[in-house]
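Chemist: next input, structure requested:
(chains A and B)
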Amino acid sequence: MHQEAAIRPPLILGHRTYGDVTADVTAPIENKAPRAWYVLTTIASIIAIYGVGCILYLISKGIGAWGLNKTINWAWDITNFVWWVGIGHAGTLISAVLLLFRQKWRMAVNRSAEAMTIFAVMMAAVFPMIHMGRIWLAYFVFPLPNQFGSLWVNFNSALLWDVFAISTYFSVSVVYWYIGLIPDFATLRDHVKKKWQKTLYFWLSFGWTGNAKAWQRFEEVSLVLAGLATPLVFSVHSVVSMDFATSLVPGWHSTIYPPYFVAGAIFSGFAMVQTLLGIMRKTMKLEAYVTRKHVEYMNIVIMVTGGIVAVAYATEFFMGWYSGVEYEYYTYMSVGAATGQYAWAFWALIICNILIPGTLWFKKVRTSFFWSWAISIVINVGMWFERFDIIVLCLHRDYMPSGWTMFYPSWVDVGTFVGTIGIFFTFYLFFARYFPVLAFNELKTILKSSGESYKGEVLPKSQH
Amino acid sequence: MANKVIYAVYEDPELLKDAARKLVTAGVQVRDVFSPFPIHGIDPIIGLKRTRLGIVSFMFGIMGLSLAILGTWWMMIYDWPMNIGGKPNQHFYQNVPAFVPVLFEFTVLCAAHGMAITYLIRNKTLPGMAGRNPDPRSTNDKFIMELRTEENHGFAPEAITGMLRDTTVLEINERQC
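Modeler: Predicted coordinates for the structure are as follows:
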């Protein structure tokens, strides 16, 4: 059996048996949902319906319904796209990269983080689609034979790389998530009493048996998929950054972008995981599994990636200034940005992404549930501002002063953005209600090495 | 003589492993083991070979890469070459740096999905299939070892159950097959 050093803090608190772990995670699925769930789901779905309405209005009117103008032709739409894709980076990072690094604490957070990833990438995909204007021609992004004598897509374009990167990332994440879910669905199939639940989990569990060969294959598939998903995580946001970096706009045309975007994505993704888990551990009574130590580990990842992001900002700022090129004077990291009309957006970014997360360097802050939750929300806001700054601030001072302008969002801008948040939370709440929110069968493997009441024991408890 | 299936139920993977090791040393064949999570180290004891799914994934990856190379070459170089941003498009090798992201993504796409589908088929886990675990508790907190008398002609069924009883077993169930 896997042994763990006694000084490592336990990952599962209290005394629990294998049966208790199952019972703890299946209880919210089998019992009646708490009133808060109905309230939250109602609010989220009302916002979601409003968002769908805004999207339909946008499609029928054309993207002129957004506040775009001829200078700032990318704004909230692409901001939201990059923001959602960034959030969608934590799940696969937790399940793949941390699996390769044998970080056992990932087991308590990977399932909900992966669900978050999938829903976030779905929301991200909405924006480029509706930004096309003519969504009924969206299939043109795929290399399909067509009526123009097979005019193909342009494989030299970063925007096409994005299509391949995001669709691959999305489908591989779904598969990875689902393969992990199958054994847990099988437990539910054998555990639940209600007839409709039995039928539901019968279909979802694919007839999982759990024999030795199946588990051997399961472990191999998890490992190889982790190996494939790890470079995928890094490639996806690198490719997203190339949408900007391969262009010639000052501030976008920057070789630092791929690593800087990947760090920012992990930064914002972990913040969103903290936001969601902070609520979930309380409402679903998962305090024994998502412990203070888990929160601290996640905060350390946030500190590292936040540090990388801060260094990237400083580098951009310095290099822009040092180049002495006047066009660099108005990029998102420049004196012009810090003192100009968009100074509020610039300082929002600095405060939300560097100064406030900087308090995580204090152990008291990063081990506090409340403060890590509050800071995670600040980071979510800050990372939205980062993308807004990169896009709008770099565009708003055009090459000709006559083109200089500001961006004012229309109500459709706000509606589509808030709407995707509503859709995201609706999906997430349904996931939390009907899916096992912890990879509990995987958790059982660390119960006797990292469980509080087993730590330091040589023999398992049940051996009499 | 009617063939029997014997299910020995354990409460801990370590106990099951000890028991399996003991029985296998005595020459008894263990047919299978059902557990709620992978038991590390059980495979060599009950004589399971390593899975070849990793190789499958590699093959699918190679296939994906080849298809992606063929596709980008056909579309961008051969069928309808276009001068885009002055990027060289006369020969594939000149244009290939711009195709690397797509080649990579398509390789991963094929490797991951090819392996996942093979895994589901090989495990006989497909939508609508019924679970074939002998006891519903084996997906919760019990660890079950399956032995068949037809595979252990050298032992009387009583001898096998006797040996099992010597281990720290929770219960022993027998079933005709």
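
Chemist: buried set for stretch B:12-25?
Modeler: For stretch B:12-25, burial by neighbour count (16 or more other C-beta atoms under 10 Å in any protein chain shown) applies to B:12-21, B:23. Backbone N, C-alpha and C define where each C-beta goes, glycine included.

Chemist: any regions of chain B where pLDDT drops low?
Modeler: Low-confidence segments of chain B (pLDDT under 70): B:1-2, B:177.

Chemist: which residue does it have closest to chain A?
Modeler: Taking C-beta to the nearest C-beta, chain A has its nearest neighbour within chain B at B:Met129, 2.8 Å off.

Chemist: list the contacts of that residue.
Modeler: Residues in contact with B:Met129 (C-beta atoms under 8 Å, 6 or more residues apart in numbering or on different chains) are A:206-207.

Chemist: quick one: mean pLDDT for stretch A:350-359?
Modeler: For stretch A:350-359, mean pLDDT is 92.

Chemist: what sits up against that stretch?
Modeler: Contact with stretch A:350-359 is made by A:267, A:302-303, A:306, A:309-310, A:313, A:365, A:371, A:375, A:378-379, A:381-383, A:385-386, as judged by C-beta under 8 Å, 6+ apart.

Chemist: give me the buried positions along that stretch.
Modeler: Residues A:350, A:352-354, A:356-357 are the ones in stretch A:350-359 that count as buried (16+ other C-beta under 10 Å).

Chemist: relative to chain B, how far out is A:Arg217?
Modeler: According to C-beta to the nearest C-beta, to the nearest Å, A:Arg217 and chain B sit 5 Å apart.

Chemist: that residue against B:Leu53, yeah?
Modeler: Yes. If you go by C-beta atoms under 8 Å, A:Arg217 and B:Leu53 touch, sitting 5.8 Å apart.

Chemist: quick check: neighbours shared by these two?
Modeler: Contact criterion C-beta under 8 Å, 6+ apart; residues shared by A:Arg217 and B:Leu53: B:119, B:122.

Chemist: now residue 147, what's its secondary structure?
Modeler: Defaulting to chain A. coil (DSSP: H, G, I helix; E, B strand; the rest coil).

Chemist: chain B was what I was after
Modeler: B:Leu147 ends up strand, using three-state DSSP.

Chemist: the helix of greatest length in chain B and chain A in contact?
Modeler: Scanning chain B for the longest helix, with DSSP state H as the assignment, gives helix B:92-122. Yes. Counting by C-beta under 8 Å from any C-beta of the partner chain, chain A is contacted by helix B:92-122 at B:95, B:98-99, B:101-102, B:104-106, B:108-109, B:111-113, B:115-116, B:119-120, B:122.

Chemist: hmm, which of the residues you listed are the buried ones?
Modeler: Taking 16+ other C-beta under 10 Å as the criterion, what is buried in the residues of helix B:92-122 next to chain A is B:95, B:98-99, B:101-102, B:104-106, B:108-109, B:111-113, B:115-116, B:119-120, B:122.

Chemist: and the next element down the chain from the helix or strand hosting A:Phe170?
Modeler: If you go by DSSP states H and E, A:Phe170 is part of helix A:158-191. Using DSSP H and E, the next helix or strand after helix A:158-191 towards the C-terminus is helix A:195-204.

Chemist: quick one: buried residues of whichever helix or strand comes after that next one?
Modeler: Using DSSP H and E, the helix or strand that directly follows helix A:195-204 along the chain is helix A:212-245. By neighbour count on 16+ other C-beta under 10 Å, the buried set for helix A:212-245 is A:212-218, A:220-222, A:224-230, A:232-245.

Chemist: and helix A:212-245, what's its mean pLDDT?
Modeler: Helix A:212-245 comes out at a mean pLDDT of 90.

Chemist: what packs against the helix or strand just after that helix?
Modeler: Per DSSP H and E, helix A:212-245 leads on to helix A:257-283 as the next helix or strand towards the C-terminus. Applying 3 or more C-beta pairs under 8 Å, 6 or more residues apart in numbering or on different chains; DSSP states H and E, we find helix A:257-283 packed against helix A:76-87, helix A:90-92, helix A:110-131, helix A:212-245, helix A:292-323, helix A:369-388.

Chemist: buried residues, helix A:257-283. List them.
Modeler: Buried-residue list, helix A:257-283, by 16+ other C-beta under 10 Å: A:257-258, A:260-278, A:280-281.

Chemist: rewinding a little: the residue of chain B closest to chain A and B:Ile121: what is the separation?
Modeler: Separation of B:Met129 from B:Ile121 (C-beta to C-beta, to the nearest Å): 11 Å.

Chemist: common neighbours of these two, please.
Modeler: By C-beta under 8 Å, 6+ apart, no residue touches both B:Met129 and B:Ile121.

Chemist: returning to that earlier point: chain center to the longest helix of chain B: distance?
Modeler: 22 Å (C-alpha atoms, centre = their mean, to the nearest Å).

Chemist: quick one, that helix and helix A:212-245 angle?
Modeler: Here helix B:92-122 runs at an angle of 150 degrees relative to helix A:212-245 (axes from the mean of the first three to the mean of the last three C-alpha atoms, to 10 degrees).

Chemist: what does the stretch 301-450 of chain A put close to chain B?
Modeler: Near chain B, when you scan the stretch 301-450 of chain A using C-beta under 8 Å from any C-beta, you find A:441-442, A:444-445, A:448.

Chemist: make CSV from the residues you listed and add neighbour count to it.
Modeler: Putting these into CSV (neighbours: other C-beta atoms under 10 Å in any protein chain shown) gives the following:
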residue, neighbour count
A:Asn441, 28
A:Glu442, 22
A:Lys444, 26
A:Thr445, 21
A:Lys448, 24
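
Chemist: and which of these is nearest to B:Pro134?
Modeler: B:Pro134 has its nearest neighbour among these in A:Asn441, at 17.7 Å by C-beta to C-beta.

Chemist: any idea of the mean pLDDT in whichever strand or helix holds that closest one?
Modeler: Using DSSP H and E, A:Asn441 sits within helix A:440-450. Average pLDDT, helix A:440-450: 81.

Chemist: now tell me what touches it from outside.
Modeler: With C-beta under 8 Å, 6+ apart as the test, helix A:440-450 has contacts from A:1-4, A:8, A:10-12, A:16-18, A:21-22, A:24-26, A:104, A:107-108, A:180, A:183-184, A:187, A:289, A:454-455, A:457, A:460-461, B:12, B:36-38, B:40, B:139, B:141.

Chemist: give me the buried entries from the residues you listed.
Modeler: Counted by 16+ other C-beta under 10 Å, the contacts of helix A:440-450 give A:1, A:4, A:10-12, A:16-18, A:21-22, A:24-26, A:104, A:107-108, A:180, A:183-184, A:187, A:289, A:454-455, B:12, B:36-38, B:139, B:141 as buried.
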